[in-house]
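>>> sequence first, predicted coordinates after that:
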Amino acid sequence: MTRWTVVVSKETDVAVRGLLAQRGLKKGDLSKFIEQAANWWVFDQTLGKVRSKFSDLTPDAAEDLITEACAAARIETLRTLKKER
């Protein structure tokens, strides 16, 4: 685990802690909240970048590309599992 020091506005602090309290979460859950929020933000930024790079594809071409990539990933996973046995 890595320890962060973060600085947020008073309004953000009150809003987040209030939300956590409403859901019955405790003080230590603030770290979990921040980690989840950071993960979602990274995912959203990555997804936006990927979408922009493939924006010229038709939906059918994108679906074909995804299907091909999934099939390749499944094959590679099976190969890896067989090697581990």
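Right, received. Where do you want to start?
>>> what number of residues lie near the closest residue to residue 57 other than its chain neighbours?
Leaving aside its chain neighbours, residue 57 sits nearest to residue 65 (7.0 Å; criterion: Cβ to Cβ, 6 or more residues apart in numbering). All C-beta atoms are positioned from the backbone trio N, CA, C, and that covers glycine. Counted with other Cβ atoms under 10 Å, the neighbours of residue 65 add up to 12.
>>> hang on, residue 65 packs against residue 58?
No. Residue 65 lies out of contact with residue 58 (Cβ atoms under 8 Å); the separation is 10.4 Å.
>>> distance check, the residue nearest to residue 57 against residue 59.
Relative to residue 59, residue 65 is positioned 11 Å away (Cβ to Cβ, to the nearest Å).
>>> same question for residue 68.
15 Å.
>>> ok, and what's touching the helix or strand encompassing residue 51?
Element membership for residue 51 (DSSP states H and E) is helix 29-53. Under the criterion Cβ atoms under 8 Å, 6 or more residues apart in numbering, residues 4, 6, 16, 17, 20, 25 lie in contact with helix 29-53.
>>> hmm, try it at 6 Å
Identification of contacts with helix 29-53 by Cβ atoms under 6 Å, 6 or more residues apart in numbering yields residue 20.
>>> pLDDT of it, averaged?
On average, the pLDDT along helix 29-53 is 95.
>>> ditto for stretch 74-85
Mean predicted confidence for stretch 74-85 is 91.
>>> how close does residue 40 sit to residue 7?
20 Å.
>>> now the angle from the helix or strand harbouring residue 21 to helix 29-53?
Secondary-structure assignment from DSSP H and E places residue 21 in helix 10-22. With axes from the mean of the first three to the mean of the last three Cα atoms, to 10 degrees applied, the angle from helix 10-22 to helix 29-53 works out at 110 degrees.
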